[in-house]
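**Q** test case, fold it:
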Amino acid sequence: MTATAAGTATDLDLGALAGYLRSALPGGVAGELTASLIGGGRSNPTYRLSDGERAWVLRRPPYGHVLPSAHDMVREYTVIDALGSTAVPVPRAVHLCEDTAVLGACFYLMELVDGVPVGTVEQAGELTSDERRRLGFDFADTLAALHGIDPDAVGLAGFGRSDGYLERQLRRWGQQWEASRTVDRPEVAVLLDKLRRALPDTRFPGIVHGDVKLDNVLVSPSDRGRIISVLDWEMATLGDTLADVGIMLGFWDVPGEEPNPITRGLATLDGFPSRAELLDRYASARGIDLPDVDWYVVFADLKLAVILEGIARRHANGDTVGDGFDGVADMAGPLLTRALDLAAASSVPELRR
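**A** From the prediction side, this is the model:
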């Protein structure tokens, strides 16, 4: 299962991995390692790994061009390890390898959760209307539970700085755009200017997931309205928790409006709560009054457009593995247009200007 392209590893070196895990894991490995790519993700390659007796999930950064601070496996491992004793359902952290000589990059192993994915229209369509409704509310409750955790209490006091988080985010994603763009899109500069002028104060600091969508959860096979695992913590940090709310809403499509190109109208399926119901449930679960969240939704669309542009660039360079990349290059434009439309209709004056 080892392959190379232009001198860059594009798959797992199972021989090197087995040699490493024999001494790194309690009990070593029982037999020959096998691995298969887990589909669905467009960012970090994710594999099902087995030694014939046990199975794990292996996560590693993308191959090829990777932007600074992006796809941080240490960060991802640290947060799931810290949250393992909380009410937020995460896979059990198994092992972190920071030795890049093994696979060419840092990677980690986590528990293989026996769960059902619901992140596409087709997958969510397999649920009943009642299951979709309960899933939507459990999604809001799970996010509220994450945001209610005291970072100090779970050993994440130094995981990031909530102070100045939004300013740093705008600067970071502006830099990411310049480093990864494949075409000129003046909308990015316009949106960044609007967001800087309308920058809100951080009222609710806490642990931020950074990529809140149904594609990053697994539900119980016996109760498909209940989340049993939250995945994909690569962008987690300490910051303004309402940034996660903006991402959640950005992926929560509204009937009659242009859908997110990733979710393709997923949340418009019968049974799912509306955006307003989702917000009410989240606010009630946290016991807070939410301010206007337009800023956060506009920012979420901009951020996703930048991420997709980076993925499109890696795909064009031949540095992606698996399927699901066709059309990614065309997704950034509609997201930027949607963000501009929301800003123009916002109740936040600085976003409208």
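
**Q** for Leu279, what are its contacts?
**A** By Cβ atoms under 8 Å, 6 or more residues apart in numbering, the contact set of Leu279 is 140, 245, 249, 290, 293. Glycine gets a C-beta too; all of them are placed from N, C-alpha and C.

**Q** could you check how far it is from Ala105?
**A** 38 Å (Cβ to Cβ, to the nearest Å).

**Q** just checking, Ala285 touches Ala140?
**A** Yes - counting by Cβ atoms under 8 Å, Ala285 touches Ala140, with 6.4 Å between them.

**Q** compare these two (neighbour count), which wins?
**A** Ala140 (23 against 17; other Cβ atoms under 10 Å).

**Q** which one (most neighbours) among the contacts of Leu279?
**A** Val245 (26 neighbours).

**Q** what's the following helix or strand after the helix or strand it falls within?
**A** In this assignment (DSSP states H and E), Val245 forms part of helix 242-250. Using DSSP H and E, the helix or strand that directly follows helix 242-250 along the chain is helix 275-286.

**Q** buried ones in that following helix?
**A** 275, 278-279, 281-282, 285-286 (16 or more other Cβ atoms under 10 Å).

**Q** list the buried ones in the helix or strand following it?
**A** Per DSSP H and E, the first helix or strand lying C-terminal to helix 275-286 is helix 294-316. For helix 294-316, the neighbour count (16+ other Cβ under 10 Å) marks 294-315 as buried.

**Q** gap between helix 294-316 and the chain center?
**A** Relative to its chain's centre, helix 294-316 lies at 12 Å (Cα atoms, centre = their mean, to the nearest Å).

**Q** could you export it as PDB, CA atoms only?
**A** Once non-C-alpha atoms are left out, helix 294-316 reads as follows in PDB (Å, rounded to 0.1, in the frame of the first residue of the first chain):
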ATOM      1  CA  ASP A 294     -24.600  37.600  11.300                       C
ATOM      2  CA  TRP A 295     -20.900  38.500  11.600                       C
ATOM      3  CA  TYR A 296     -20.100  34.900  12.600                       C
ATOM      4  CA  VAL A 297     -22.000  33.400   9.700                       C
ATOM      5  CA  VAL A 298     -20.400  35.700   7.100                       C
ATOM      6  CA  PHE A 299     -17.000  34.800   8.500                       C
ATOM      7  CA  ALA A 300     -17.800  31.100   8.400                       C
ATOM      8  CA  ASP A 301     -18.600  31.300   4.700                       C
ATOM      9  CA  LEU A 302     -15.400  33.200   4.000                       C
ATOM     10  CA  LYS A 303     -13.300  30.800   6.000                       C
ATOM     11  CA  LEU A 304     -14.800  27.800   4.200                       C
ATOM     12  CA  ALA A 305     -14.100  29.400   0.800                       C
ATOM     13  CA  VAL A 306     -10.500  29.800   1.800                       C
ATOM     14  CA  ILE A 307     -10.300  26.100   3.000                       C
ATOM     15  CA  LEU A 308     -11.800  24.900  -0.300                       C
ATOM     16  CA  GLU A 309      -9.400  27.000  -2.300                       C
ATOM     17  CA  GLY A 310      -6.500  25.300  -0.500                       C
ATOM     18  CA  ILE A 311      -7.900  21.800  -1.100                       C
ATOM     19  CA  ALA A 312      -8.500  22.700  -4.800                       C
ATOM     20  CA  ARG A 313      -4.800  23.800  -5.100                       C
ATOM     21  CA  ARG A 314      -3.600  20.500  -3.500                       C
ATOM     22  CA  HIS A 315      -5.800  18.500  -5.800                       C
ATOM     23  CA  ALA A 316      -4.600  20.400  -8.900                       C
END
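
**Q** check the offset of stretch 228-245 from the chain's centre.
**A** In terms of Cα atoms, centre = their mean, the centre of stretch 228-245 is found 7 Å from the chain centre.

**Q** now it - C-alpha only, PDB.
**A** The C-alpha coordinates for stretch 228-245 follow below in PDB (Å, rounded to 0.1, in the frame of the first residue of the first chain):
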ATOM      1  CA  ILE A 228     -22.000   9.200  19.800                       C
ATOM      2  CA  SER A 229     -18.900  10.900  18.500                       C
ATOM      3  CA  VAL A 230     -17.700  14.300  17.300                       C
ATOM      4  CA  LEU A 231     -14.800  14.100  14.900                       C
ATOM      5  CA  ASP A 232     -12.300  16.300  13.000                       C
ATOM      6  CA  TRP A 233     -10.700  18.600  15.800                       C
ATOM      7  CA  GLU A 234      -7.800  19.900  13.700                       C
ATOM      8  CA  MET A 235      -8.900  23.500  14.000                       C
ATOM      9  CA  ALA A 236      -9.800  23.400  17.700                       C
ATOM     10  CA  THR A 237      -8.500  26.100  20.000                       C
ATOM     11  CA  LEU A 238      -9.600  28.500  22.700                       C
ATOM     12  CA  GLY A 239     -11.500  31.500  21.300                       C
ATOM     13  CA  ASP A 240     -15.000  33.000  20.800                       C
ATOM     14  CA  THR A 241     -17.500  30.100  20.900                       C
ATOM     15  CA  LEU A 242     -19.900  32.000  18.800                       C
ATOM     16  CA  ALA A 243     -17.500  31.400  15.900                       C
ATOM     17  CA  ASP A 244     -18.700  27.800  16.100                       C
ATOM     18  CA  VAL A 245     -22.300  28.900  16.100                       C
END
